[in-house]
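A.B. asks: using only what follows, build the 3D model:
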Amino acid sequence: MEEAERIAAKLAAASPLGLQGGMVVARVSVQQGQAGITVDMPPEAWVRLAHEIPEILSTGYYYLVIDPKTFNLIVAQLVAVERQPLLEAQRAPTTFVPLEKPHSMVVLSNVSPLKLHLEPMLAVHLDEEARARLVKAGDPGEAAAVLEKLQPVAAVAPPDPGSPVVIPHPDVLAALLAHSEGVPVGALAVMDRVYVAGGRAIPVRLTWSVLVKHVLVTGTTGSGKTSLVKNIMYAALNMDGELVAAVLDAGGDYVSAGLPGYIPAGLVDADTARVLEVYGIDAKPGSPVFGRYVASLVAIPCTSSNGRCSPDRAAEHYAERLREAVATMYSRHGCSAEASRARLDGEDTVYAVDVKVTCEGETAKATLYIAPRLLVLRSVEEIAQIDPYMTERAREALPYIARNLKARTIEDLLKRLENPANAEKDLGVHRQTLAHLASRLRILKSMGVIRVGGGEAPSLSYGELVEAAGRRRVRAIVLDLAYAGEAVGGGAASPTAVRVLLGYQFLRTMLAYAERTAGHRALLVVDEAHLFFPRGGGEYERMLSAAVERLARLGRSRGIAIVFSTHRESDLSPLIATLANTKIYLRTDRKTAEELPLPREYRARLPYYADHAAVMASYAVRGGYIGVVGAPAAVGHRTT
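C.D. replies: Numbering: from 1, shown residues only. Predicted structure coming up:
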């Protein structure tokens, strides 16, 4: 046992793990029903450490306990601190006399050992090889590389009295709780407070192998969902030069990511600056964060009022709306902004709009690309593949009907289906099926974005958009479905139906591209996911779910990660919750919080969380749950 204690002491003294802070006294009851670890921290330790790292005595701070009996490395959180002055402990009388220069006895009366009460969270077992590598580790990075490969064990065995206690280095703690490498989700938090160690925040990361098992982000309006996803997207694109981001932007919140971001100085306090650094963004407390953006190509429907679309007019109409939005977005911060007219950029029907923003004497520029697109079909039979609202019977019957009626266009089909009774007799297809088919064709025709055989603009195709973006060194493709709902919706087609139809086409073509293109890595963001995958959504939900399930399963092998964003998990098809192996819960109402599969303390606090704070539940996190804090969006954002 003496040898084990010697090794444990050597590990605790090894600087790569952190700073030695005391030793275990005994295992006691901290709160009724909870077991804890009591640690003695001598005066010479806490006086020095508390001045260097004031946070070490804050509730929720993490400590490491090295048990020489089991060689388990226990991660524990501080739940209470006891302090007893030396003179009081020795039953000596204490008088408090105001002195110009305090006597040494008065100073002594305020110096005392501390008892720290820790609650064990998780543990890893240090086998002989791990112990040897840790002793030889030259820096915290090497120690972190050893620790993150170890499998967690239950922290149920009480550590022996005398077990050394370490204040962990931030990199070491990050490796023990999640991953030391990967895409940053945010900063480690204790409930909704940023966890600060050594003056900096600790990144909570997910490796790409975890991200391709997909993520669900939920939270009420204003909780910070979009900001969180934008910052993750920004960090991921900066880390991987080959990655492409694709966004189904149902709420119109992601187009602004292609514009210079601005976080006012008043929102950048010390903790926010630390969190922004986690995402790779330099920030100073009390100074604005300005100028970052994600180079973006925005796909929009090429609409028309006379049956033919003009890409030039569609792009300029969108650019005009953009100019108004840009002026409003920056003026509330006292910034000036201007956007150019749309100009044709190349021969692939893509237009460029130059944006210039000036804030507090600094100027940032960005170019946003606009791609007007149609749904161009090879034949009228292909309508059966693109319309998620069509019943299965109508979908099966459509190719047969089109061939028998020799219909080449939607108009041909509608003309021949004007009298369902005659068509039923001629075709042998049930009248209700024919009536449903005719109704769907009328709705599709009213949208004005479907062409058979060719069109005035290219077809909406993920692969074609990826190539167009690549030619311009653009990293993000945004399908502006909010604009599509306004421009195409109304009349026979509802805005939601337009969003669903175009979103489905995007997913279909993305799936086809992924199936034939090995090595294509992408981050797909599905905003307002409940619109596409509602619980009990009927036929269209089943078709979209089938497409996204195939894409999700293919993504695990091809490197495609999907982030679903919505208000409540209960609004979604159960399939989405199953596909998402990682879930991030931001602030929500009390009733919804109570239904979440989270520990009781998180469910109780979540309705009162601050903006950008969340609980992440993932198999990739040791212990299953971890607190995370994000920051205001560093890229363009409508509501910063």
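A.B. asks: burial count for H436?
C.D. replies: When neighbours are defined as other CB atoms under 10 Å, H436 has 18 of them. Quick note: C-beta positions are derived from backbone N, CA and C, even for glycine.
A.B. asks: repeat that for R274.
C.D. replies: 21.
A.B. asks: quick one: the closest residue to it other than its chain neighbours from A631, how far?
C.D. replies: Among residues not flanking R274 along the chain, A201 sits closest, at 3.8 Å (CB to CB, 6 or more residues apart in numbering). Between A201 and A631 the distance, using CB to CB, to the nearest Å, works out to 10 Å.
A.B. asks: anything in contact with each of those two?
C.D. replies: When contacts are counted by CB atoms under 8 Å, 6 or more residues apart in numbering, A201 and A631 have V275 as shared neighbours.
A.B. asks: who has more neighbours, the two?
C.D. replies: For A201 versus A631, neighbours defined as other CB under 10 Å are more numerous around A631 (30 against 27).
A.B. asks: where does that one fall, phi/psi-wise?
C.D. replies: Comment: the main-chain dihedrals of A631 come out as phi -150, psi 170, following degrees, to the nearest 10.
A.B. asks: show me what contacts the closest residue to it other than its chain neighbours?
C.D. replies: The spatial neighbour of A631 that comes closest, neighbours along the chain excluded (CB to CB, 6+ apart), is V275 at 4.3 Å. V275 makes contact with G186, A187, V194, A201, H612, V629, G630, A631 under the criterion CB under 8 Å, 6+ apart.
A.B. asks: could those residues be laid out in a markdown table, adding distance to L524 and pLDDT?
C.D. replies: Written out in a markdown table, the entries for these read as follows (distance: CB to CB, whole Å; pLDDT from 0 to 100):
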| residue | distance to L524 | pLDDT |
| --- | --- | --- |
| G186 | 20 | 97 |
| A187 | 25 | 96 |
| V194 | 29 | 94 |
| A201 | 28 | 92 |
| H612 | 23 | 98 |
| V629 | 25 | 98 |
| G630 | 20 | 98 |
| A631 | 23 | 98 |
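A.B. asks: and the residues you listed, which of them are in strands?
C.D. replies: Cross-referencing the contacts of V275 with the strands (criterion: DSSP state E) gives G186, A187, V194, A201, V629 as the overlap.
A.B. asks: return the member of the residues you listed nearest to K225.
C.D. replies: The nearest member of the ones in strands among the contacts of V275 to K225, counting by CB to CB, is G186 at 12.2 Å.
A.B. asks: what's the distance between that closest one and L237?
C.D. replies: Going from G186 to L237 by CB to CB gives 17 Å.
A.B. asks: more crowded one of these two?
C.D. replies: Of the pair G186 and L237, G186 is the one with more neighbours under other CB under 10 Å, namely 29 against 19.
A.B. asks: what lines up beside the host helix or strand of R451 in the sheet?
C.D. replies: Under DSSP states H and E, the secondary-structure element containing R451 is strand 450-452. On the basis of DSSP bridges, the sheet neighbours of strand 450-452 come out as strand 375-377 (parallel).
A.B. asks: quick one: the strand it pairs with to chain centroid distance?
C.D. replies: For strand 375-377, the distance between its averaged C-alpha position and the chain's averaged C-alpha position is 33 Å (CA atoms, centre = their mean, to the nearest Å).
A.B. asks: ok, then the element right after that strand?
C.D. replies: Following strand 375-377 toward the C-terminus (DSSP H and E): helix 383-386.
A.B. asks: which residues does that next one contact?
C.D. replies: Under CB under 8 Å, 6+ apart, the answer for helix 383-386 is 375, 377, 390, 394-396, 398-399, 410, 441, 444, 450, 501, 504-505, 508.
A.B. asks: which stretches of the protein have low pLDDT?
C.D. replies: Screening the chain residue by residue with the criterion pLDDT under 70, one finds the ranges 1-15, 21-22, 25-35, 84-111, 305-307, 419-426, 489-491, 640.
A.B. asks: for the most centrally placed residue in it, give me its contacts.
C.D. replies: For the chain, V229 is the residue whose C-alpha lies nearest the centre (CA atoms, centre = their mean; 3.9 Å). Residues near V229 by CB under 8 Å, 6+ apart: V217, V525, D527, V563, S565.
A.B. asks: could you redo the last one with a cut-off of 10 Å?
C.D. replies: 185, 215, 217, 247, 253-254, 257, 523, 525, 527, 563-565, 584, 630, 633 (CB atoms under 10 Å, 6 or more residues apart in numbering).
A.B. asks: can you flag the buried ones in those residues?
C.D. replies: 185, 215, 217, 247, 253-254, 257, 523, 525, 527, 563-565, 584, 630, 633 (16 or more other CB atoms under 10 Å).
A.B. asks: restricted to strands, list these.
C.D. replies: Within the buried ones among the contacts of V229, membership in strands is found for V185, V215, V217, V247, L523, V525, V563, F564, S565, I584, as judged by DSSP E.
A.B. asks: ignoring the adjacent residues along the chain, who's closest to the fifth one?
C.D. replies: The shortest distance from L523 to any non-neighbouring residue, by CB to CB, 6+ apart, is to A245 (4.8 Å).
A.B. asks: tabulate the contacts of V275 (CSV), appending distance to T367.
C.D. replies: What follows is the contacts of V275, written out as CSV (distance: CB to CB, whole Å):
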residue, distance to T367
G186, 29
A187, 32
V194, 35
A201, 33
H612, 29
V629, 33
G630, 27
A631, 26
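A.B. asks: and the buried ones among the contacts of helix 383-386, selectable in PyMOL?
C.D. replies: Command for PyMOL that selects the buried part of those, burial taken from 16+ other CB under 10 Å:
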select buried, resi 375+377+390+394+395+398+399+410+441+444+450+501+504+505+508
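A.B. asks: pick the one among the contacts of helix 383-386 closest to L150.
C.D. replies: The shortest approach to L150 among the contacts of helix 383-386 belongs to R508, at 43.1 Å (CB to CB).
A.B. asks: what sits against the closest one?
C.D. replies: Contact partners of R508, counting by CB under 10 Å, 6+ apart, are Q385, I386, P388, L460, S461, Y462, M543, L544, A547, R550, L551.
A.B. asks: kindly reformat those residues as JSON lines containing neighbour count.
C.D. replies: Compiled in JSON lines, those are given as follows (neighbours: other CB atoms under 10 Å):
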{"residue": "Q385", "neighbour count": "16"}
{"residue": "I386", "neighbour count": "18"}
{"residue": "P388", "neighbour count": "26"}
{"residue": "L460", "neighbour count": "26"}
{"residue": "S461", "neighbour count": "21"}
{"residue": "Y462", "neighbour count": "25"}
{"residue": "M543", "neighbour count": "23"}
{"residue": "L544", "neighbour count": "24"}
{"residue": "A547", "neighbour count": "20"}
{"residue": "R550", "neighbour count": "15"}
{"residue": "L551", "neighbour count": "23"}
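A.B. asks: let's see which of these end up in helices.
C.D. replies: Using DSSP state H, the members of the contacts of R508 that fall within helices are Q385, I386, Y462, M543, L544, A547, R550, L551.
A.B. asks: check those residues and tell me the two furthest apart.
C.D. replies: By the measure CB to CB, Y462 and M543 form the most distant pair in the ones in helices among the contacts of R508, at 17.1 Å.
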